[in-house]
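>>> Sequence below, structure please.
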Amino acid sequence: MRNLAVLKPGDRAVIEEINSKGSMRRRLLDIGMIPGTAVECVGESPGGDPKAFLVRGAVIAIRSEDCAEIFIV
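Numbers count the residues shown, from 1 in each chain. A predicted model of the protein is given here:
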């Protein structure tokens, strides 16, 4: 499975599964990162971390280590 970290600006995907635990999982779910949700990578910092994603009309910055726990199709 691919994870959110592989997306480049302009790429789109749908969230399939979130493997984060604890408070990070709760935070991701609260901002709309739930299975079946469409996301689009809208930018990344010069070093590539964090990346910005458009999720349900809001732009959210997510670190690479957290992106690695979000699987997409």
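
>>> And the contacts of the helix or strand hosting Arg26?
Using DSSP states H and E, Arg26 sits in helix 22-30. Applying CB atoms under 8 Å, 6 or more residues apart in numbering, the contact partners of helix 22-30 are 18, 20, 66, 69-70. (C-beta placed from N, C-alpha, C; glycine too.)

>>> Inside helices: which ones of the residues you listed?
Counting by DSSP state H, the contacts of helix 22-30 place Asp66 in helices.

>>> For the contacts of helix 22-30, name the two members farthest from one another.
Distance extremes for those: the farthest pair is Ile18 and Asp66 at 9.6 Å, using CB to CB.

>>> about what we covered before: mind checking what helix or strand follows the helix holding Arg26 in sequence?
Moving toward the C-terminus from helix 22-30, the next helix or strand (DSSP H and E) is strand 38-44.

>>> And for that next one, what's in contact with it?
Against strand 38-44 from outside (CB under 8 Å, 6+ apart): 4, 7-15, 33, 50-55, 59, 72.
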